[in-house]
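Colleague: I'll drop the sequence and a predicted model, then ask my questions.
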Amino acid sequence: MVALQLRRRGIVDARVLQAMSDVPREQFVPVAATPSAYDDAPLGIGQGQTISQPYIVARMIEAARLSPAARVLEIGTGSGYSAAVTARVAAHVVSVERHGALANAAAGRLAALGISNVEIHIADGTLGWPAGAPYDAIIATAGGPRIPDAWIEQLAPGGALIMPLGALHSQQTLVRLVREADGRLTRDDLGQVMFVPLIGEQGWEDPRAGNMSPAARAFADAAIPLPDIDAPDFADWIDRFGDCRVVLLGESSHGTSEFYRARARATQRLIERHGFTIVAVEADWPDAASIDRYVRQRPPPSGTRASGGIEAFAPFSRFPTWMWRNQEVAAFVQWLRSFNAQRPAPDQAGFFGLDLYSMKASMASVLAYLDRIDPAAAAEARQRYACLDPWRQQPAVYGRAVLSGAYSACEDAVIAQLQSLLAQRIDYGSHGFEDYFDAAQNARLVASAEQYYRLMYYGAAASWNLRDTHMFDVLTRLLDAHGQHAKAVVWAHNSHIGNAAATAMGTERQELNIGQLCRERFGTRAALIGQDTYAGTVAAASDWDGPMEVKRVLPARTDSYGFVAHEAGVPRAFVDLRGNVASASAALRAALMTPRQERFIGVIYRPETELVSHYARAVLPEQFDGWIWFEETSAVTPLPGDQTPGMGMPETWPFGL
Ligand code: SAH
């Protein structure tokens, strides 16, 4: 590059040539463009911006005639490349970039290379950076219609200003303006160039600014644009949460393909690179256990299907089956199995269920376990669980029956059963801890579910809170069981994960959730991450127990957070909402603190009554630490099979895939 592109074209300044050969240009281009890093051309760096052609970088720095003591102002940090080269020739570089995401990425690169004499600011560079003035040189790497007054003011006597001047989106003239010792300005032209536009108060007008709200502007600045979900670097953003004990990954619907796939990619990275070994999802314990046995290649518990009158159990056969029986989950399950196959048991990652809707299957699991290990205890357990027998098919009716006084509650029976199982921990555990843990979790689930169905009739908040407390309890037990340093990923709906205290759930309805409980327990070592979309399709039913339909998702309401992201115009992005990580995210956090509507689609979607059925007011930056945005999304692809138990539902899932 130095010989062919620079010397041959007339770059002669030895210090500039040395700097150009010292700075590793490949570190400043996107991974996919690494092979082209030394091409004789500019390259895309995201946000519609480019890293300049090497020759132009050298030409501009040479034209600035920098002394080793020079202080330089650069406008347009971009990738940070020209700042890095300049920093090797001059004493100090102040670089201003209007795109927060680019500035943050550039700052990271410079830090990684140990370059400490560059300060980067996110701001409109057409106003210069007065705090650091005067400058011995000002180099603009974006082209404007005129020379901003602010730059001339901030130029030291004897200093040079290098700038592409001229029409938008076509060739400009590279000009050098020198402030002579006597104060006069002289100008000479250095040739034709083509730069991206200088956008700002004293540059070109932002083509989108006219119809973009300040919040959308802040979103666009802070957004880290994401490549395609399948791209190798899609989940790079999750690395910042790698030290967390729990990373909770949400979704704004239970039927959106992108949410599942993005979550799977992030989870893979947490497992592969950051030592996470627990994937705990919003599914019932026994159903998830069948996946866990598959991914860790553990044998199914013997006798499960033949345990005295308890009917066979088909995992994921209750409504809504598509929530877990879909191709997106299946692909992750296959990946997890092959990942685990190459690792010793303690390093394998397991798949677990946090939810409590499987009272019947969990009772069956407890009984099957005791049948194998302690038949006398099994007989006793059968008697206790018989209390719930009339309600096994329709547990929701149980609560009403108890409340009406016509039937007595089974609370004592299910708790006694749990306690007698826990009392045998040492004895039963000696036959295999994992099976014992599984049985104990099922017994806990039965106890929680019994209470849940009774509380349902006292109001939504009480049963919701019990459910999320149960989920949190399962999560902490999993962490405990996996040792002191265990780390978990949680997959659940945004409504469970986004801190309830920051939404109408907490402020108006006294509801808590697993995200809030994790925040309280783990502080900043819990990462609460939401996902949302503007429009597309979703897999959902119109009514409870109804068939799955692929429904069109309405565009997000104009008073919603989804609309802010839509306005910002990034198709896929990650935003860090913690405010303490970078100035762009602090600005975004501030801009989003005004409450807005947020859309919640569960397994039912009713666009006809969307506002009342699916929107709630929230304060996004209080709810989440990070947010994944997809402008357009599509429905998950369900696996074939009937959702009614015993109707030919393939019991091979996931084994038969
Ligand atoms: N020097 C960069 C190339 C930058 S391309 C490199 O070596 O990679 C021009 C950059 O100028 C873009 O990143 C663009 O976002 C930025 N820019 C445009 N107008 C700006 C303004 N008013 N203030 C600061 N940066 C601006």
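Modeller: Yep, that arrived.
Colleague: where does the residue of the stretch 401-550 of the chain found nearest the ligand fall, helix, sheet strand or coil?
Modeller: Nearest residue of the stretch 401-550 of the chain to the ligand: Y534, at 24.3 Å (Cβ to the nearest ligand atom). Any C-beta I mention is one placed from the backbone N, CA and C, and that applies to glycine too. Following DSSP: H, G, I helix; E, B strand; the rest coil, we place Y534 in the strand state.
Colleague: give the contact list for the residue in the stretch 201-350 of the chain that the ligand sits nearest to.
Modeller: The minimum distance from the stretch 201-350 of the chain to the ligand, using Cβ to the nearest ligand atom, falls at G203 (5.2 Å). With contact set as Cβ atoms under 8 Å, 6 or more residues apart in numbering, G203 has these partners: 126, 142, 144-145, 148, 197.
Colleague: Recalculate using a threshold of 7 Å.
Modeller: Contacts for G203 (Cβ atoms under 7 Å, 6 or more residues apart in numbering) come out as 126, 144, 148.
Colleague: Quickly run through the sheet partners of the helix or strand containing F574, with directions.
Modeller: Assessed by DSSP states H and E, F574 sits inside strand 572-576. Paired neighbours of strand 572-576 in the sheet (DSSP bridges): strand 224-225 (antiparallel), strand 626-633 (antiparallel).
Colleague: Mind listing residues that contact that strand?
Modeller: Against strand 572-576 from outside (Cβ under 7 Å, 6+ apart): 219, 222-226, 237, 585, 588, 626-630.
Colleague: The residues you listed: which two are farthest apart?
Modeller: S585 and F630 (19.2 Å; Cβ to Cβ).
Colleague: number of nearby residues for Q327?
Modeller: 15 (other Cβ atoms under 10 Å).
Colleague: how close does the residue nearest to it when sequence neighbours are not counted get to K360?
Modeller: Of all residues not flanking Q327 in the chain, T637 sits nearest, at 4.4 Å (Cβ to Cβ, 6 or more residues apart in numbering). As judged by Cβ to Cβ, to the nearest Å, T637 and K360 stand 28 Å apart.
Colleague: of those two, who's got more company?
Modeller: Taking neighbours as other Cβ under 10 Å, T637 and K360 compare with K360 leading, 24 against 13.
Colleague: could you say what helices and strands the helix or strand harbouring the more buried one packs with?
Modeller: Using DSSP H and E, K360 falls within helix 359-373. Applying 3 or more Cβ pairs under 7 Å, 6 or more residues apart in numbering; DSSP states H and E, one finds that helix 359-373 contacts helix 285-295, helix 375-386, helix 433-455.
Colleague: If we use 10 Å, what do you get?
Modeller: strand 278-284, helix 285-295, helix 375-386, helix 395-403, helix 411-423, helix 425-429, helix 433-455 (3 or more Cβ pairs under 10 Å, 6 or more residues apart in numbering; DSSP states H and E).
Colleague: Show me the shaky parts of the protein.
Modeller: Flagging of the chain using pLDDT under 70 yields the residue ranges 168-170, 207-210, 301-313, 641-657.
Colleague: Nearest to the ligand within the stretch 551-657 of the chain, name that residue for me.
Modeller: Counting by Cβ to the nearest ligand atom, the stretch 551-657 of the chain gets nearest the ligand through A584, at 12.4 Å.
Colleague: Leaving out sequence neighbours, find the closest residue to that residue.
Modeller: G100 is the one closest to A584 (Cβ to Cβ, 6+ apart), at 2.4 Å.
Colleague: since we're on the one you found, how many residues are nearby?
Modeller: Using other Cβ under 10 Å: G100 sits among 25 other residues.
Colleague: doesn't A568 make contact with it?
Modeller: No: in this structure, G100 is not within contact of A568 by Cβ atoms under 10 Å, at 11.4 Å.
Colleague: quick one: contacts for the closest residue to G46 other than its chain neighbours?
Modeller: The shortest distance from G46 to any non-neighbouring residue, by Cβ to Cβ, 6+ apart, is to P225 (5.4 Å). Counting by Cβ atoms under 10 Å, 6 or more residues apart in numbering, P225 touches 46-48, 99, 101-102, 570-574, 629.
Colleague: can those residues go into TSV with extra columns for neighbour count?
Modeller: Shown next, in TSV, are these (neighbours: other Cβ atoms under 10 Å):
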residue	neighbour count
G46	17
Q47	20
G48	10
H99	25
A101	24
L102	25
V570	23
P571	12
R572	20
A573	22
F574	25
W629	26
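Colleague: Among those, which one lies nearest to V89?
Modeller: Using Cβ to Cβ, those come closest to V89 at L102, 22.3 Å.
Colleague: Run a quick check on the closest one versus P30, I expect a contact.
Modeller: No: contact status for L102 versus P30: not in contact, 11.6 Å apart, counting by Cβ under 10 Å.
Colleague: interface residues of this structure facing the ligand?
Modeller: By Cβ under 6 Å from any ligand atom, the part of the chain that sits against the ligand consists of 49-52, 75-76, 78-79, 81-82, 96-99, 102, 124-126, 141-142, 196, 198-200, 203.
Colleague: quick one, phi psi at the closest residue to W204 other than its chain neighbours?
Modeller: Closest residue to W204 apart from its sequence neighbours, by Cβ to Cβ, 6+ apart: P197 at 4.7 Å. Backbone geometry at P197, expressed as degrees, to the nearest 10, gives phi -70, psi 140.
Colleague: Please report how far P197 lies from M1.
Modeller: 27 Å.
Colleague: And those two? Which one has more around it.
Modeller: P197 (20 against 16).
Colleague: If I follow the layout properly, the more buried one ends up in contact with T126?
Modeller: No: with contact defined as Cβ under 10 Å, P197 does not reach T126; the gap is 11.0 Å.
Colleague: what do the two both touch?
Modeller: Residues within reach of P197 and of T126 at once, by Cβ under 10 Å, 6+ apart, are 142, 144, 203-204.
Colleague: Give me the three-state assignment for V96.
Modeller: With three-state DSSP as the basis, V96 sits in strand.
Colleague: Contacts only, for it.
Modeller: By Cβ under 10 Å, 6+ apart, V96 lies in contact with 73-77, 103, 119-129, 132, 140, 200.
Colleague: Just these: which are in helices?
Modeller: A103 (DSSP state H).
Colleague: In strands, which of the contacts of V96 appear?
Modeller: 73-75, 119-122, 140 (DSSP state E).
Colleague: Which one of these is nearest to the ligand?
Modeller: I75 (5.3 Å).
Colleague: what's near enough to touch R8?
Modeller: 2, 55.
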